[in-house]
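> Sequence and computational prediction follow.
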Amino acid sequence: MCASAPMSDEPDLERALAEVHQAAFAWALSCCRWDRAEAEDVLQMSYLKVLDGSARFEGRASFKTWLFAVVRRTARGRWRSWLALRARALSAPPPAEASVPEASLDGPRVRAALGALSARQREVLELVFFHDLSVEEAAGVMGVSAGAARQHYARGKANLSLRLT
């Protein structure tokens, strides 16, 4: 699969999705606050967008980076929808913060340190450390400039280091 060529052939898309499925599911979990059912729904909706053509890979980034951005936008859209529903039904309780699986982030100490970071710092560090993206690819997923991603990355690493020492 050529990362720079647009994909229009459905079998090629399905093959590419299968190749990055595990990484995409891990990213969906992260985007959905480690709620497995929500992550499954978000990933399925993302795949549908890809397969029905409403999200089109045009080769401006790697397929994985592009798909992660689709997953992130889908998760954010569902979150915004949930917030709108909650605003209409003020009696609904806020969502409980799900715990992160211990093995995925090397223990409670690292989890706590990551949880103390800003959302952008945590997001860029997760993309780089746990999903093997470059800072520039993470910027594409996050929808920020490469410079902003580098700044969040540097600050996040420094803050994480302070919390772990």
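Nice, thanks for sending it over.
> Helix, strand or coil: sort out residue 23 for me.
Of the three states, residue 23 takes helix according to DSSP: H, G, I helix; E, B strand; the rest coil.
> what does the one 3 residues further on give?
In three-state terms, and counting by three-state DSSP, residue 26 is helix.
> Also residue 54?
Classification of residue 54 by three-state DSSP places it in coil.
> What count of nearby residues applies to it?
9 (other CB atoms under 10 Å). Placement of C-beta: from N, CA and C, glycine included.
> which regions of this structure lie under the pLDDT threshold?
Applying pLDDT under 70 to the chain picks out residues 1-10, 82-107.
> Mind listing what's buried along the lengthiest helix in it?
The longest helix of the chain (DSSP state H) is helix 63-88. Using 16 or more other CB atoms under 10 Å as the test for burial, helix 63-88 gives 63-75, 78-79.
> wouldn't residue 72 be in contact with residue 142 here?
Yes - here residue 72 reaches residue 142: they are 7.2 Å apart, a contact under CB atoms under 8 Å.
> Quick check, residue 137 in contact with residue 66.
No - using CB under 8 Å as the test, residue 137 is too far from residue 66 to be in contact (9.5 Å).
> Mind picking the two most distant members of the buried residues of helix 63-88?
Across the buried residues of helix 63-88, the longest distance by CB to CB is 24.5 Å; it joins 63 and 79.
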